[in-house]
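Q: Predicted model and sequence follow; I will ask about them next.
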Protein chains: 2
Amino acid sequence: MKLTLTESEMARLGKVPRLNLVNSLSGYKSANLIATANSRGQTNLAIFSSVMHLGSDPALLGFMLRPTTVARHTYENIKETGHYTINHIHEDMIEPAHQTSGKYPAEQSEFEATGLTPEIWSDQKAPFVAESRIQIGLRFEEEHMLKVNRTRLIVGRILEMRFPADIQRPDGTLDLEKARVVTISGADTYSLPATIRRMPYVRL
Amino acid sequence: MKLTLTESEMARLGKVPRLNLVNSLSGYKSANLIATANSRGQTNLAIFSSVMHLGSDPALLGFMLRPTTVARHTYENIKETGHYTINHIHEDMIEPAHQTSGKYPAEQSEFEATGLTPEIWSDQKAPFVAESRIQIGLRFEEEHMLKVNRTRLIVGRILEMRFPADIQRPDGTLDLEKARVVTISGADTYSLPATIRRMPYVRL
């Protein structure tokens, strides 16, 4: 049996069921921790499921920032220092990664609160997450604010990256399955993908 | 052994290895078909791995459109009619869904070329994909163009949706695993996620 919902029927759903439904409607999402530091060096760490590919030359990644998010410090620190890191979440770090979504006191770093480890290996003003197998350092490039709900798209340029050599395939791609990277659906469901197949480039 | 790449080392990679690397660097991506029609009713169908959640009230989804994409008709048709549909790809339709990425002659619809079936069940000016288990009808809301590489973020408002009743959980979320929805990494790797766990909302 199929269920059909119109815009007005969606509007009549309660706030939480509507949020849960729409949040799962976009399909599987990336699972990342974004780390920042303010100009005094105080670190911040927050989980994001909106990191996206935006281009390879220059190499760009984007993510979305909701106006009411607990990750407000992420935005402030990025604007303050221009730097941030994106760190992939794998199956062994789901628990502490998810815990970063709590509203901690301003003076407490989510690194301390969750036991994840800040790591410095470049000129980045933000730390990397030592536990992450795929670490990416970025510099803020531009931002766009949606008129409809004041959500921001943050665009960053990749400055450096680090990952285990054995997860890179000969064609350059990273084997996310081998790295045990997870994916998120909705706000709370963590899944581990298994490769079905790789499809050839379509030539006609 | 870990591999570290800086911006200048990335720039020295060949075009294809760099594209493959960066395209897999954002993590797992959603797998969707976007269907449109022009004002004469000619249909177009293209695969996208950039569909994202942008808000639940109003219910909004976004996707990215590269300037050089073969999916140029998608953009033209959305601007012409204001309408488009997002249709999830499940494991049994990977082959025809991937085939929509070919450069077909302007007069040939990717529906014909791939054997996927257009379906109409609302006032949408674009067809749905009959084979998809999760179908979403949208109206264009706004767009933003990145200065850095002229890629566009297209924002749409959800007008209606249809899915099998038995994939919706009591809390409103859709069980994407039950629907056998796939995820994409890079440009060519299709995977099927298996749920590890659902995490509770973090209260402190």
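A: Perfect, thanks for sending it. Residues are numbered from 1 along each chain as shown, chains lettered A, B, ... in the order given.

Q: List the residue ranges of chain A that fall below the pLDDT cut-off.
A: For chain A, the stretches flagged by pLDDT under 70 are A:68-71.

Q: Specify the angle between the lengthiest strand in it and strand B:152-164 in degrees.
A: In chain A, taking DSSP state E as the definition, the longest strand is strand A:152-164. Comparing the axes of strand A:152-164 and strand B:152-164 via axes from the mean of the first three to the mean of the last three C-alpha atoms, to 10 degrees yields an angle of 90 degrees.

Q: Phi, psi for A:P17 please.
A: Backbone torsions of A:P17, given as degrees, to the nearest 10, read phi -60, psi -40.

Q: so how many other residues sit close to the nearest residue to it once chain neighbours are set aside?
A: Excluding the flanking residues, the one nearest A:P17 by C-beta to C-beta, 6 or more residues apart in numbering or on different chains is B:G172, at 3.3 Å. Using the backbone N, CA and C atoms, a C-beta is placed for each residue, glycine as well. Residue crowding around B:G172 was assessed by other C-beta atoms under 10 Å in any protein chain shown; the count is 18.

Q: Confirm B:G172 sits in a helix?
A: No. Applying DSSP: H, G, I helix; E, B strand; the rest coil, one finds B:G172 to be coil, outside a helix.

Q: What does it show for phi and psi?
A: Backbone torsions for B:G172, taken as degrees, to the nearest 10, come to phi 100, psi -30.

Q: ok, now which ones touch the residue nearest to A:D175 when sequence neighbours are not counted?
A: Nearest residue to A:D175, sequence neighbours excluded (C-beta to C-beta, 6+ apart): A:I167, at 4.9 Å. If a contact means C-beta atoms under 8 Å, 6 or more residues apart in numbering or on different chains, then A:I167 has A:133-134, A:174-176, A:178-179 as its contacts.

Q: what's the answer for A:K79, then?
A: A:K79 makes contact with A:F140, according to C-beta under 8 Å, 6+ apart.

Q: hang on, the earlier thing: do the longest strand of chain A and chain B come into contact?
A: Yes. Strand A:152-164 lies within reach of chain B by C-beta under 8 Å from any C-beta of the partner chain, at A:153, A:155, A:157-164.

Q: circling back to that earlier point, show me which of the contacts of A:I167 are buried.
A: A:133-134, A:174-176, A:179 (16 or more other C-beta atoms under 10 Å in any protein chain shown).

Q: Quick one: the strands in chain A, in order.
A: Counting by DSSP E, the strands of chain A are A:2-6, A:29-30, A:32-37, A:43-48, A:52-56, A:59-65, A:83-88, A:118-119, A:128-129, A:135-145, A:152-164, A:183-185, A:189-198.

Q: could I get the ones you listed as TSV with mean neighbour count and distance to B:T183?
A: Conversion of those to TSV gives the following (neighbours: other C-beta atoms under 10 Å in any protein chain shown; distance: least, C-beta to C-beta, whole Å):
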stretch	mean neighbour count	distance to B:T183
strand A:2-6	15	23
strand A:29-30	28	9
strand A:32-37	27	15
strand A:43-48	24	17
strand A:52-56	24	13
strand A:59-65	24	17
strand A:83-88	26	14
strand A:118-119	17	28
strand A:128-129	26	22
strand A:135-145	20	19
strand A:152-164	22	19
strand A:183-185	27	6
strand A:189-198	18	5
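
Q: Put together TSV for these, with distance to B:G115 on each row.
A: Formatted as TSV, the strands of chain A follow (distance: least, C-beta to C-beta, whole Å):
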stretch	distance to B:G115
strand A:2-6	22
strand A:29-30	29
strand A:32-37	37
strand A:43-48	37
strand A:52-56	29
strand A:59-65	34
strand A:83-88	36
strand A:118-119	50
strand A:128-129	45
strand A:135-145	38
strand A:152-164	36
strand A:183-185	28
strand A:189-198	18
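
Q: Nearest to B:T36, out of these?
A: When these are compared by C-beta to C-beta, strand A:2-6 sits nearest B:T36, at 20.3 Å.

Q: ok, the residue nearest to A:P17 touching A:L25?
A: No. Using C-beta atoms under 8 Å, B:G172 is not in contact with A:L25; the gap is 10.4 Å.

Q: Just the residues contacting stretch A:42-49, thanks.
A: By C-beta under 8 Å, 6+ apart, the surrounding residues in contact with stretch A:42-49 are A:29-38, A:63-64, A:69-71, A:73-74, A:77, A:89, A:97-98, A:100-101, A:107, A:109-111, A:114, A:116, A:118, A:126-127, A:129, A:184, A:187.

Q: at 6 Å what do you get?
A: Contacts to stretch A:42-49, defined as C-beta atoms under 6 Å, 6 or more residues apart in numbering or on different chains, come from residues A:29, A:32-37, A:63, A:71, A:73-74, A:77, A:97, A:100-101, A:109-111, A:118, A:127, A:184.

Q: Then stretch A:111-126?
A: Counting by C-beta under 6 Å, 6+ apart, A:35-37, A:43, A:45, A:81, A:83-85, A:96, A:99-100, A:104, A:127-131, A:137, A:160 sit against stretch A:111-126.

Q: Span of that stretch from start to end?
A: Using C-alpha to C-alpha, to the nearest Å, the end-to-end distance of stretch A:111-126 comes to 12 Å.

Q: Check the offset of that stretch from the chain's centre.
A: Centroid displacement of stretch A:111-126 relative to its chain, using C-alpha atoms, centre = their mean, to the nearest Å, is 16 Å.

Q: Stretch A:138-152 now?
A: 15 Å.
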